[in-house]
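# sequence and predicted structure are below.
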Amino acid sequence: MKNRFDAVNEFYYPYVEKHLGTSLLQNILVTGGEWNSYASETRRHSVFRYKNMVSYELTDKRREHQQVIVDNILNPIRPYPSVNLIFADIGGGHECNTKILDSNITKGVQKILDSGFIDNRLGKIVFVYFDGMLNIPCFLDKQYGEYISEDFFSTEVEWYDKYNDSVYGQRLDGVVFSTKYSKYV
């Protein structure tokens, strides 16, 4: 059985490639469920061509690199513009879970889409969410204002953790929003 990183990539890579192909991506936003998430996401995204990758963390304690913004990737204070790809591996313990659950995810996704489509040359945002929290209900496959999802998947990903000698699972959701399905852009 695969490790967590490879088990996620088995679904992630084909989905991203299906919708973004080999295009040069403008901005990739990531957050990870590990203390070394920036390094993990740099490795995961090394197969893509992109101009910039920005990592979000909810607490300063988990900040390990200068390219990290301390903010909620699901409801950012200042959302990032010109985004083509978002990988949100949410988790990190009680403090992180509380901040996520206390935020308005619907309002946050609306802000992410509004900002992400600013000068978005590809006209698409692929958003993949890995639920490492408290199994919050699926929130991506719906309409946000005038933004309607073009494609969606949800699956359970299982992997083997050699340190705990156990098999674990989490839900992985992916959605694509594009300008051709929006009245805003």
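Arrived safely.
# need the contact list for residue 130.
Residues near residue 130 by CB atoms under 8 Å, 6 or more residues apart in numbering: 8, 33, 87-90, 157, 170-172. Backbone N, C-alpha and C define where each C-beta goes, glycine included.
# helix, strand or coil: sort out residue 43 for me.
For residue 43, the assignment made with DSSP: H, G, I helix; E, B strand; the rest coil gives helix.
# neighbours of it, how many?
For residue 43, the count of nearby residues is 12 (other CB atoms under 10 Å).
# equivalent analysis for residue 180, please.
10.
# helix or strand for it, which one?
In this assignment (DSSP states H and E), residue 180 forms part of strand 166-182.
# neighbouring strands - and their directions - for that strand?
strand 124-131 (antiparallel), strand 147-161 (antiparallel) (DSSP bridges).
# pull out the buried residues from the first one.
Residues of strand 124-131 classed as buried by neighbour count (16 or more other CB atoms under 10 Å): 124-131.
# out of those residues, which is nearest to residue 79?
If you rank the buried residues of strand 124-131 by distance to residue 79 using CB to CB, residue 125 comes first, at 11.3 Å.
# show me the beta-bridge partners of that closest one.
In beta-bridge terms (that is, DSSP bridges), residue 125 pairs with residue 177.
# check contacts around it.
Applying CB under 8 Å, 6+ apart, the residues contacting residue 125 are 83-86, 112-113, 116-117, 176-178.
# mind putting those into JSON lines with neighbour count?
Below are these laid out as JSON lines (neighbours: other CB atoms under 10 Å):
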{"residue": "83", "neighbour count": "26"}
{"residue": "84", "neighbour count": "25"}
{"residue": "85", "neighbour count": "25"}
{"residue": "86", "neighbour count": "24"}
{"residue": "112", "neighbour count": "25"}
{"residue": "113", "neighbour count": "22"}
{"residue": "116", "neighbour count": "27"}
{"residue": "117", "neighbour count": "21"}
{"residue": "176", "neighbour count": "21"}
{"residue": "177", "neighbour count": "27"}
{"residue": "178", "neighbour count": "20"}
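# just put the strands paired with strand 166-182 in a markdown table and tack on mean pLDDT and distance to residue 55.
As requested, the strands paired with strand 166-182 are exported to a markdown table (pLDDT from 0 to 100; distance: least, CB to CB, whole Å):
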| stretch | mean pLDDT | distance to residue 55 |
| --- | --- | --- |
| strand 124-131 | 92 | 15 |
| strand 147-161 | 92 | 21 |
